[in-house]
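Undergrad: what shape does this take:
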Amino acid sequence: MSGVGLRERKKHQTRLALSDAAFELFLEQGFEATTVDQIAAAVDVSPRTFFRYFGSKEELALDFMVEYDEVVTAALAARPADEPPLQALAAAYRQFIREVRRTAAIDPERYVRHRHVMEANPHLITAGLARMADIETKLTAEVARRQGTDPDADPRPRLLVAFITSAIRVGFECATGDAGSLDKLFGNVEKTLALTVEALSPGWCQFNFGSSGQVATKASSPG
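TA: As a prediction, this is how the structure comes out:
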């Protein structure tokens with residue numbers, strides 16, 4: 001937060017304090033049983049102050065997905081225009097993994113606490129998947145734009161995104177019992193992504209489309 005004004009630093013500290021208090025309560029008494037009033041009281045602020053930062057306790061719990069969205073979509077948009085879509089999407093997710101790993105290393109206990117809450121609550125899992133679907137739609141549109149194809153008529157951009165995001169989800173299913181297991185977790189995510197890229201490499205996504213939407217270089221035949 002160096003270089004940020006005092007007012008912004010205080011806002012950041014309050015936001016972080018609300019998040020930490022909420023996750024402590026979520027772990028202690030469950031997400032559903034925890035109220036906004038309890039979260040606000042734990043930080044000694046009013047519920048009105050809480051709603052200046054978060055629209056709901058669900059929004060607070062899933063706040064990490066805002067950064068997920070920003071990092072991945074920006075990373076994909078920044079990839080070279082002539083880079084095949086598989087490599088571009090994989091590179092964007094590798095950048096995302098590095099960023100999450102860096103953030104987790106700053107405070108591993110907080111990261112593990114957040115994961116435990118998410119994994120224990122079916123409602124949050126469902127809500128997280130819904131937000132992930134929104135991110136996939138953005139990524140699909142960007143892949144289609146780069147390839148000069150219509151995602152409504154050509155399902156391949158969506159399929160590619162679904163393959164890669166599914167790999168990331170599978171990778172993050174690795175157990176995280178404590179802060180010491182984070183290296184195993186992120187190693188598993190990187191390995192799962194690499195295996196998926198390897199499995200997809202012979203397909204259409206190794207090649208760029210021509211202006212007509214046809215594959216510019218013939219892809220390998222299945223099998």
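Undergrad: do a quick rundown of the helices in this structure.
TA: 6-29, 36-43, 47-53, 57-61, 64-77, 85-106, 108-120, 122-147, 156-172, 182-200 (DSSP state H).
Undergrad: what mean pLDDT does the last one have?
TA: Confidence over helix 182-200, taken as the mean pLDDT, stands at 92.
Undergrad: give the buried residues for that helix.
TA: Under the neighbour-count criterion of 16 or more other Cβ atoms under 10 Å, helix 182-200 has L182, L185, F186, N188, V189, E190, T192, L193, T196, V197, L200 buried. Using the backbone N, CA and C atoms, a C-beta is placed for each residue, glycine as well.
Undergrad: surely the last one touches P85?
TA: Looking back up the chat, that one is L200. No - taking contacts as Cβ atoms under 8 Å, L200 lies outside contact range of P85: 10.1 Å.
Undergrad: intersection of neighbour lists for the two?
TA: L160 (Cβ atoms under 8 Å, 6 or more residues apart in numbering).
Undergrad: please parse the chain into its domains.
TA: 6-55, 62-206 (automatic domain parsing).
Undergrad: distance check, the most centrally placed residue in the chain against G5.
TA: The residue lying closest to the centre of the chain (Cα atoms, centre = their mean) is Y68, at 3.6 Å. Relative to G5, Y68 is positioned 27 Å away (Cβ to Cβ, to the nearest Å).
Undergrad: before we move on, what about A77?
TA: Taken as Cβ to Cβ, the span from A77 to G5 is 29 Å.
Undergrad: neighbour count: the two, which is higher?
TA: In terms of neighbours (other Cβ atoms under 10 Å), A77 is the more surrounded of A77 and G5; the figures are 14 against 9.
Undergrad: skip the chain neighbours and tell me the closest residue to the more buried one.
TA: E142 (6.0 Å; Cβ to Cβ, 6 or more residues apart in numbering).
Undergrad: which residues touch the one you found?
TA: T73, L76, A77.
Undergrad: quick one: those residues as JSON lines, columns for pLDDT and distance to E58 too.
TA: Shown next, in JSON lines, are the contacts of E142 (pLDDT from 0 to 100; distance: Cβ to Cβ, whole Å):
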{"residue": "T73", "pLDDT": "96", "distance to E58": "22"}
{"residue": "L76", "pLDDT": "97", "distance to E58": "27"}
{"residue": "A77", "pLDDT": "95", "distance to E58": "28"}
